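Colleague: Structural data only, the sequence is not supplied:
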Ligand SMILES: Nc1nc2[nH]cc(C(=O)O)c2c(=O)[nH]1
Ligand code: SF4
Ligand SMILES: [Mg+2]
C-alpha cells in the first residue's frame, strides 16, 4: 500500500514547509503534504490538479484538465514520512484533495513520523476518519461545501459526519464564502448540527489578494454580527496561487 500525492512539478511530491495560511493555526510554521484525489468537485476549487484529470467533465470554473501521469505520484508511507521529517517541523498539515480518502495509509505514514509531531487535517467533512488515524489527529479543519460550490447537497453535506465533527472538540469549521447570501446557509448548518459559533471561521473564496480583501470587507461585519470568526488566506498574500506554498 502507498499514498497518492499531488505534485508541484512532474515527479516532485507536494511536501513542503510553510506557514499555515488559514484558520485556527494561521501563521504557524508547519510541514504540509498534499494528497491527490477528491470525492467532490467544487467549481472554484484551487487545487483542481488533485482531481480534475483528463476525461473528468464535472464543471470547473477554469475548465482545466490535468494529466494524471504528471499530477499524481505514488510513494510508499516510509518515503513520505522521511521527506516530511526532513523538513524539521513539529507540526504537519495534511491536505488535498480529500486526504481522508486515504485514511488507512495515512495512519501508517503518521506512525512513522518523529514522536510528538502534531497532526492537523484539512477535510471537506464528508468522509469518516479511519479508526487507526483518528486517535493520531490533533486538529481537524472541516470545510463543508455550500451550494455555490456546485456539488449536490447529498454528496457535500453528510449529516452524521457534520454532527460527529460538531461534537469533536478537535474540529474547527471553515466555510468558504463567495457572496453575502451564503451566510444564511452557514447559519442554517450551524443551527442544524449544533456547531459552536466560536469554532466557525468564515473564509473568503479567492485566489488573489485583491479579491480576498474585497470579500473580507463585507465578511468582517457579518462575522461580528453573528459571533463567528474570520480567517484570511495568508499564503495567497505571501506566495500567490502557487503549488508547494
Ligand atoms: N500555507 C498554506 N496554508 C494552507 N492552509 C490550508 C491549505 C490547503 O490548501 O488546504 C494551505 C496551503 O496550501 N498553504
Ligand atoms: S472539496 Fe476541496 S479539494 Fe475537493 S473539489 Fe472542493 S475545494 Fe477542491
Ligand atoms: Mg489551498
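Modeller: Yep, that arrived. All figures in this text were calculated on a predicted structure; none of them were measured in a lab. Ligands and ions are numbered 1, 2, ... in the order given.
Colleague: what's the spacing between residue 96 and residue 222?
Modeller: 28 Å (C-beta to C-beta, to the nearest Å). Placement of C-beta: from N, CA and C, glycine included.
Colleague: These two - which one has more neighbours?
Modeller: Taking other C-beta atoms under 10 Å, residue 96 and residue 222 do not tie; residue 96 has more neighbours (26 against 17).
Colleague: Chain neighbours aside, what residue packs nearest to the more buried one?
Modeller: residue 35 (4.5 Å; C-beta to C-beta, 6 or more residues apart in numbering).
Colleague: So the one you found is in contact with residue 51, correct?
Modeller: No. Under the criterion of C-beta atoms under 8 Å, residue 35 makes no contact with residue 51, lying 10.5 Å away.
Colleague: Show me which residues of this protein sit near ligand 1.
Modeller: Contact residues, the chain versus ligand 1 (C-beta under 6 Å from any ligand atom): 18-22, 95, 122, 235, 245.
Colleague: Export the residues you listed to CSV and append columns for secondary structure and pLDDT.
Modeller: CSV is the format used below for the residues of the chain next to ligand 1 (DSSP: H, G, I helix; E, B strand; the rest coil; pLDDT from 0 to 100):
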residue, secondary structure, pLDDT
18, strand, 98
19, strand, 98
20, coil, 98
21, coil, 98
22, coil, 98
95, strand, 99
122, strand, 99
235, helix, 98
245, coil, 98
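Colleague: How is the nearest residue to residue 164 once chain neighbours are set aside assigned, secondary-structure-wise?
Modeller: Once flanking residues are discounted, residue 164 sits nearest to residue 128: 7.5 Å by C-beta to C-beta, 6+ apart. Here residue 128 is coil, with the state taken from DSSP: H, G, I helix; E, B strand; the rest coil.
Colleague: I'd assumed residue 165 was in contact with residue 128.
Modeller: No. Using C-beta under 8 Å, residue 128 is not in contact with residue 165, being 10.0 Å away.
Colleague: Which one's more surrounded, those two?
Modeller: The neighbour comparison of residue 128 against residue 165 (other C-beta under 10 Å) goes to residue 165, with 23 against 14.
Colleague: For beta bridges, what are the partners of the most centrally placed residue in the chain?
Modeller: Residue closest to the mean C-alpha point of the chain, counted by C-alpha atoms, centre = their mean, is residue 122 at 3.5 Å. Beta bridges link residue 122 to residue 141, judged by DSSP bridges.
Colleague: do residue 230 as well
Modeller: residue 202.
Colleague: count of neighbours near it?
Modeller: 16.
Colleague: so who does it touch?
Modeller: 201-203, 216, 219-220, 223 (C-beta atoms under 8 Å, 6 or more residues apart in numbering).
Colleague: measure it to residue 202 for me?
Modeller: Per C-beta to C-beta, residue 230 is found 5 Å from residue 202.
Colleague: Next, show the common contact partners of these two.
Modeller: 219, 223.
Colleague: what does the model give residue 57 for pLDDT?
Modeller: Per-residue confidence at residue 57 stands at 89 (pLDDT).
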